[in-house]
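> How does the following fold in three dimensions:
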Amino acid sequence: MSTTFRSGTLNDNYATYQVFQQSITDFGQRTGVMAITGGNDPDVLAGLWEHRRPLWEHLTNTAEQYWLAENDGQAIGYARTILRDGVRELTEFFVLPSQQSGGVGRELLARAFPSNGARHRVIIATLDVRAQARYLKAGVYPRFTIQYLSRQPEAVSVPTDLAVEPLSAPSEHLDVLATLDQAVLGHRRDVDHPWLGIERQRFIYRRNGQPVGYGYVGNKSGPFALLSDADFPAVLAHAETEAAAQGHTEFGVEVPMINRAAVGYLLERGYQLDPFIALFMCDAPFGKFENYICTSPPFFF
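Here you go, the predicted model:
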């Protein structure tokens, strides 16, 4: 059987999702860590595609590169990247367990994650040592870990001088969101904010009338970007209260573990750490991730 490589389309999304699911389940079994919540339940796995379909479509519609590896027309691996204002991120890179160590991953990574044409290159990676070796060879290095912290939400209040403003029309506020992104992350990502607001409630946080942060709350929450990390307790208290009001049974966030203000507040509130650990890797330091909480699930930061 010869392996062929081609660009992916929306029609390939379910096939690549199956590659992702089999690969991440295998990783969980090898490491003893459940990489997909409820991943041992066949009913959960069967229904997860409908929850992930909008994400796959957004990543496909805004991809820089989307490559499939196939044997006789069957997907055995894929890799996808997005490019946002000069920052290239490898959002997915998976090869079926039975097809690994045969050069498929090397070819996919070369096509989807080139070293030229970007100001920065980023991966949110698992701790799989085989993948880690490949990423290091590709020129990205560990900077910090990301962990999911969660609890059943309750109404909670933290004293603050912040004013909270819900946003229903992202197109009217893209410049505000972009200014905050540039201050915290160092780049804009205008195509992501409208999609993030489809299933999540968007909030702007103001002090003395000036925007000082934003956040997203829903069944999946994040990202949150704040000019001052001292505002995380108040912002997270508001987000948890909003999640409780929306009727969610769980509120959780993907936290860069260098965000000491968020970690300290969440642990004090009794949030539980998920055992799955992700690793933020990049070619050179950038951004103020101590002022940030990532998008959940963390396919892109």
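
> how many neighbours does the closest residue in space to Gly86 that isn't next to it in sequence have?
Closest residue to Gly86 apart from its sequence neighbours, by Cβ to Cβ, 6 or more residues apart in numbering: Arg119 at 3.8 Å. Bear in mind the C-beta positions are built from the backbone N, C-alpha and C, glycine included. Here the count is done by other Cβ atoms under 10 Å, and Arg119 has 14 residues near it.

> right, and Arg119 touches Arg84 too?
No. Contact between Arg119 and Arg84 fails when scored by Cβ atoms under 8 Å: they sit 10.3 Å apart.

> intersection of neighbour lists for those two?
His187 (Cβ atoms under 8 Å, 6 or more residues apart in numbering).

> residues of stretch 142-156 that come out buried?
Residues of stretch 142-156 classed as buried under the neighbour-count rule (16 or more other Cβ atoms under 10 Å) are Arg143, Phe144, Ile146, Gln147, Tyr148, Leu149, Ser150, Pro153.

> Looking at the residues you listed, which is nearest Leu59?
Closest approach to Leu59 among those (Cβ to Cβ): Ile146, at 18.2 Å.

> What does that closest one show for phi and psi?
Backbone torsions of Ile146, given as degrees, to the nearest 10, read phi -130, psi 130.

> Surely it touches Asn259?
No. When contacts are counted by Cβ under 8 Å, Ile146 is not listed as touching Asn259 (9.6 Å).

> Secondary structure class of the closest residue to Ser101 other than its chain neighbours, three-state.
Once its chain neighbours are removed from consideration, Ser101 has its nearest residue in Arg130; the separation is 7.7 Å (Cβ to Cβ, 6+ apart). Counting by DSSP: H, G, I helix; E, B strand; the rest coil, the backbone at Arg130 sits in helix.

> Arg189 too?
Per three-state DSSP, Arg189 ends up coil.

> residues in contact with it?
Arg84, Asp85, Ala178, Asp181.

> go with 10 Å
Listed by Cβ atoms under 10 Å, 6 or more residues apart in numbering, the contact set of Arg189 reads 62, 82-85, 87, 89, 174, 177-178, 181-182, 196, 223, 300-301.

> got it, and Asn71?
Under the criterion of Cβ under 10 Å, 6+ apart, the neighbours of Asn71 are Met1, Ser2, Thr3, Thr4, Gly77, Leu96, Gln99, Val104.

> what about the closest residue to Gln132 other than its chain neighbours, neighbour count?
Spatial nearest neighbour of Gln132, excluding adjacent residues (Cβ to Cβ, 6+ apart): Ala125 at 6.7 Å. By other Cβ under 10 Å, 19 other residues sit near Ala125.

> can I assume Ala125 is in contact with Phe93?
Yes. When contacts are counted by Cβ atoms under 10 Å, Ala125 is listed as touching Phe93 (8.4 Å).

> Now do the shared contacts for the two.
Residues touching both Ala125 and Phe93 (Cβ under 10 Å, 6+ apart): Ala131, Arg134, Tyr135.

> what about the strands in the protein?
For the chain, applying DSSP state E gives strands covering 3-7, 63-71, 74-84, 87-95, 120-125, 141-151, 163-167, 200-207, 210-218, 224-226, 251-256, 272-282, 292-293.

> Tell me which other helices or strands the last one touches.
What it means is strand 292-293. In terms of contacts (3 or more Cβ pairs under 10 Å, 6 or more residues apart in numbering; DSSP states H and E), strand 292-293 is packed against strand 210-218, strand 224-226, helix 232-245, strand 251-256, helix 260-268.

> rerun at 8 Å
strand 224-226, strand 251-256 (3 or more Cβ pairs under 8 Å, 6 or more residues apart in numbering; DSSP states H and E).

> Go ahead and name everything in contact with that strand.
Outside of strand 292-293, the residues that reach it under the criterion Cβ under 8 Å, 6+ apart are 184-185, 215, 222-226, 232, 253-256, 259, 262, 301.

> Local confidence estimate at the residue nearest to His120 when sequence neighbours are not counted?
Counting by Cβ to Cβ, 6+ apart, His120 lies nearest to Val87, which is 4.8 Å off, once chain neighbours are set aside. The score at Val87 is 98. That number is its pLDDT.
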